[in-house]
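Trainee: my questions concern the predicted model and sequence given below.
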Amino acid sequence: NISAKHACTETKYPENAGCYRYEDGKEVWRCLLNYKLVDGECVEDQEPSCQVNNGGCAPEANCTKGDDNKIVCACNAPYSEPIFEGVFCGSSS
């Protein structure tokens, strides 16, 4: 879950996407894990790959593929928490 401080207030984003508000007020949305961006929509990705867009993980996260063919993201920086399962890495508080 995301605190009100990091919840987007200005940005419209599609279904199956997550939006994160950074400390400086900048808002960014990305498709959730195992979804990909097609024509402005986040659609299910039948063949997710860490080779493409870091698997949908945050650029600074490690991407691995689980046994069930699903992407798993790991946020590595100290005090960095996975937001939306690692689509973003940051502070949830």
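Mentor: Perfect, thanks for sending it.
Trainee: where along the protein do the helices fall?
Mentor: Here the chain has no helices by DSSP state H.
Trainee: give me the low-pLDDT residue ranges for it?
Mentor: 1, 92 (pLDDT under 70).
Trainee: need phi/psi at the residue lying farthest from the centre of the chain.
Mentor: Most distant from the centre of the chain: D67, at 20.1 Å, with distances by Cα atoms, centre = their mean. Reported as degrees, to the nearest 10, the phi and psi values for D67 are phi -60, psi -30.
Trainee: can you offset everything so residue one is 59?
Mentor: All right, first residue 59 from here; so that's D125.
Trainee: quick check, E85 in contact with A65.
Mentor: No - with contact defined as Cβ atoms under 8 Å, E85 does not count as touching A65 (9.2 Å). C-betas here are computed from N, CA, C, even on glycine.
Trainee: which of the two has more residues huddled nearby?
Mentor: The neighbour count for E85 versus A65, taken as other Cβ atoms under 10 Å, is higher for E85 (15 against 12).
Trainee: could you measure from the closest residue to K94 other than its chain neighbours over to R88?
Mentor: Excluding its sequence neighbours, the residue lying closest to K94 (Cβ to Cβ, 6 or more residues apart in numbering) is D103, at 4.2 Å. Noted for D103: a distance of 13 Å to R88, by Cβ to Cβ, to the nearest Å.
Trainee: and for the two, which residues touch both?
Mentor: G114 (Cβ atoms under 8 Å, 6 or more residues apart in numbering).
Trainee: check the separation of the first and last residues in stretch 67-85.
Mentor: Counting by Cα to Cα, to the nearest Å, you get 8 Å between the two ends of stretch 67-85.
Trainee: show me the contact partners of that stretch.
Mentor: Contacts of stretch 67-85 (Cβ under 8 Å, 6+ apart): 60, 63-66, 86-90, 93, 98-102, 141-142, 145-146, 148.
Trainee: and those, which of them are buried?
Mentor: Neighbour counting with 16 or more other Cβ atoms under 10 Å marks 60, 64, 66, 87-90, 93, 100, 141-142, 145-146, 148 as buried within these.
Trainee: partner residues bridging E99?
Mentor: Beta-bridge pairing for E99 (DSSP bridges): V96.
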